[in-house]
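Undergrad: this is the structure alone, sequence omitted:
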């Protein structure tokens, strides 16, 4: 009996130089290695094929310098998802292979664990899954009111129902300080995966009202009828958005790498 060919995964790391809070952050050095290399090396522990998709020649050259794969994409993209959609077409052309699943890996998370990527990949053992992401259970007493840390609610099948910058759901007749003791909340670290054809379709959708309200693009997909399967991770992510975050990252170095 003929076996189906293995699923072809590609990890794509969208990386741009411009950043209002931390310009040039993909190239900041963490223990003498640029951050983009730290992310790339971690991703390669889980994926055979990893590419950096950028719109900046400095980042492109830095990736080639450490022996990585890089692709130049448009400067017009509004999101990492859009950049991934362009990149996967170019990567398939360059490698003469068809990518089945794209893993969108945040370029500012040098401590991402390969186990997280593998967990996300396993979502696609279910052939009906088109989109997937990771979520993390909030610990009792943990802050759930920071708008920079999106929250998500799930249905009984583990699909995401809605993403919000506010704490959802609202716990009636309970002090806010006790909400995490009364209900299981989930935070959304922001690691995504998509079937290639689905990725191309969702980037053609117009921005939706809930996406605009929350400034969270995944709500656009839900509003248009797509299901987003989730997998629960126990690991906290550390994204480097500001110079202060970089100082925190340096403190973790000796315990991580």
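TA: Received it, and whenever you're ready, just let me know what you need. Keep in mind it's a predicted model, so treat the numbers as computed, not measured.

Undergrad: rest of the way, CA atoms for contacts and neighbours
TA: OK.

Undergrad: for stretch 18-30, the averaged confidence score.
TA: Taken as a whole, stretch 18-30 has a mean pLDDT of 83.

Undergrad: can you get me the start-to-end distance on that stretch?
TA: Separation of the first and last residues of stretch 18-30 by CA to CA, to the nearest Å is 19 Å.

Undergrad: list the contacts of residue 224.
TA: By CA atoms under 8 Å, 6 or more residues apart in numbering, residue 224 lies in contact with nothing.

Undergrad: now it: phi and psi?
TA: phi -100, psi 10 (degrees, to the nearest 10).

Undergrad: tell me how far it lies from residue 50.
TA: 29 Å.

Undergrad: could I get the full set of helices for the stretch 101-250 of the chain?
TA: Remark: helices assigned in the stretch 101-250 of the chain by DSSP state H, counting those that start in this stretch are 114-122, 179-182, 196-202, 209-214, 218-223, 243-256.

Undergrad: now do the first one: everything it contacts.
TA: In other words, helix 114-122. By CA under 8 Å, 6+ apart, helix 114-122 touches 42-46, 103, 132-134, 192-193, 230-231, 233, 235.

Undergrad: then the third one?
TA: Counting by CA under 8 Å, 6+ apart, the neighbours of helix 196-202 from elsewhere in the structure are 81, 85, 88, 99, 100, 101, 102, 130, 131, 221.

Undergrad: the helix or strand containing the first one - contacts with which helices or strands?
TA: Element membership for residue 81, per DSSP states H and E: helix 80-95. Where contact means 3 or more CA pairs under 8 Å, 6 or more residues apart in numbering; DSSP states H and E, helix 80-95 is packed against strand 9-15, strand 50-54, strand 70-72, strand 101-104, helix 196-202.

Undergrad: at 7 Å what do you get?
TA: When contacts are defined as 3 or more CA pairs under 7 Å, 6 or more residues apart in numbering; DSSP states H and E, helix 80-95 packs onto strand 9-15.

Undergrad: need the next SSE after the strand it packs on, C-terminal direction.
TA: Heading C-terminal from strand 9-15 (DSSP H and E), you reach strand 29-30.

Undergrad: that next one pairs with which strands?
TA: When pairs are called by DSSP bridges, strand 29-30 turns out to pair with strand 33-34 (antiparallel).

Undergrad: residues contacting the strand it pairs with, please?
TA: 26, 27, 28 (CA atoms under 7 Å, 6 or more residues apart in numbering).

Undergrad: same list, those residues, but as JSON lines with distance to residue 170 and neighbour count please.
TA: Formatted as JSON lines, the contacts of strand 33-34 follow (distance: CA to CA, whole Å; neighbours: other CA atoms under 10 Å):
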{"residue": "26", "distance to residue 170": "37", "neighbour count": "27"}
{"residue": "27", "distance to residue 170": "40", "neighbour count": "19"}
{"residue": "28", "distance to residue 170": "40", "neighbour count": "16"}
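
Undergrad: which one of the residues you listed is nearest residue 143?
TA: For those, the closest approach to residue 143 (CA to CA) belongs to residue 26, at 28.0 Å.

Undergrad: if we can go back for a sec, max pairwise distance over the contacts of helix 196-202: which two?
TA: Taking CA to CA, no two of those sit farther apart than 99 and 221, at 21.0 Å.

Undergrad: so, low pLDDT: which residues of this protein?
TA: 1-4, 20, 250-257 (pLDDT under 70).

Undergrad: spatially central residue for it, please.
TA: The C-alpha lying nearest the average C-alpha coordinate of the chain belongs to residue 191 (CA atoms, centre = their mean; 2.4 Å).

Undergrad: with distance to residue 152 and mean neighbour count added, can I get the helices of the stretch 101-250 of the chain in a markdown table?
TA: Output for the helices of the stretch 101-250 of the chain, formatted as a markdown table (distance: least, CA to CA, whole Å; neighbours: other CA atoms under 10 Å):
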| stretch | distance to residue 152 | mean neighbour count |
| --- | --- | --- |
| helix 114-122 | 16 | 18 |
| helix 179-182 | 14 | 17 |
| helix 196-202 | 20 | 17 |
| helix 209-214 | 12 | 14 |
| helix 218-223 | 10 | 20 |
| helix 243-256 | 24 | 12 |
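
Undergrad: sounds good, over and out.
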